[in-house]
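**Q** A predicted structure for the sequence below; I have some questions about it.
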Amino acid sequence: MFDFNNKVAIVTGSGSKKGIGIATADMLARLGATVVICDLNQKDIDDNVKAIIESGGKALGLKLDVTDENSVNEMVDKVLSEYGHIDILVNVAGISQKITVEYMELEDMKRIFNVNMYGVFLCTKAVLKIMKKQKYGRIITVSSVAGKRGGGIFGGPHYSASKAAVLGFSKNLAREVAGEGITVNCVTPGLIETDIAKTLNEKEVGLLVKDIPMGRRGKTYEVAGAIAFLASDEASYITGEEIDINGGSHM
Ligand code: NAD
């Protein structure tokens, strides 16, 4: 079960120390995958690659800006020339902003969509032709409970909109490539213990947690576990699906 030996997995947004990206890359590496750690900051990438290699895993670090098509294509080309195949893409890179519609400018909306939606599109498009040729691929996107029920103070309205867009994109693509050996699925986490919501104060986090039936925030490995399942060979008949990981906050 869940053997990722000989699988190459790109995980975008895997540079942060405590994020969902590195938790996912770490889990896939422990299960045998060669993981590509990519993010904006080279030092963060290097630290995370070192940590994975020190724990016996296989990892390559590449700088990536998901909003820049050249950067995306360069990263994908490097992975392909290094390993000859790309089996898994996990689109984790994302940003949020604590703001309300009243104070939001169009530029805020564009900045969030640029990373959260257009970045997913660019990375997905870049691996798709390779996966089609291989007749094998696993694409996993990270949406959010905010995209399904609104995130309130978490993320902002543009964040919720971008995450709803990611969900629709994933389902459409799943239909487009069904029958070509490629599955496309989405995870929709609730409030997870990472730095993304660090602008929220204790009181605001408390209010959000009060709304979670399990009474706590999720851990990054709890999201990584669902992603690893969707990326596995065992999930071969699952596509266009979404897995909620939210402690019951949206049933
Ligand atoms: P995080 O801030 O730890 O990770 C996000 C990563 O994306 C960072 O390392 C950041 O540098 C990277 N990134 C941002 N812009 C980028 C760009 N242009 N190119 C490449 N990388 C870029 O936060 P996280 O909580 O681990 O978030 C990971 C994903 O999970 C995001 O898409 C987020 O929206 C989603 N999510 C998080 C939560 C939560 O509660 N933490 C809930 C639902 C969904």
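**A** Received, thanks. Residues are numbered from 1 along each chain as shown.
**Q** my guess is Gly57 meets Arg30, correct?
**A** Yes: Gly57 lies in contact with Arg30 (C-beta atoms under 8 Å); the separation is 6.4 Å. In this view, the C-beta of every residue, glycine as well, is placed from N, C-alpha and C.
**Q** out of these two, which sits in the more crowded spot?
**A** It is Gly57, of Gly57 and Arg30, that has more neighbours when counted by other C-beta atoms under 10 Å, with 20 against 17.
**Q** closest point of the stretch 51-200 of the chain to the ligand, which residue?
**A** Residue nearest to the ligand within the stretch 51-200 of the chain (C-beta to the nearest ligand atom): Gly94, separated by 2.2 Å.
**Q** dump the residue contacts of that residue.
**A** Contacts for Gly94 (C-beta atoms under 8 Å, 6 or more residues apart in numbering) come out as Gly13, Val115, Asn116, Val142, Ile196.
**Q** of those residues, closest to Lys43?
**A** Proximity of the contacts of Gly94 to Lys43 (C-beta to C-beta) peaks at Gly13, which lies at 15.5 Å.
**Q** Hmm, the closest one is touching Gly19, no?
**A** Yes: Gly13 is within contact range of Gly19, at 6.6 Å (criterion: C-beta under 8 Å).
**Q** in this protein, which spans are strands?
**A** Under the criterion DSSP state E, the chain carries strands at the ranges 8-12, 34-39, 58-63, 88-91, 137-142, 182-189, 242-245.
**Q** ok, and does the fifth one reach over to the ligand?
**A** Read it as strand 137-142. Yes: Strand 137-142 comes into contact with the ligand (C-beta under 6 Å from any ligand atom), by way of Val142.
**Q** what packs against that strand?
**A** Secondary-structure packing of strand 137-142 (3 or more C-beta pairs under 8 Å, 6 or more residues apart in numbering; DSSP states H and E): strand 88-91, helix 119-134, helix 157-177, strand 182-189, helix 220-231.
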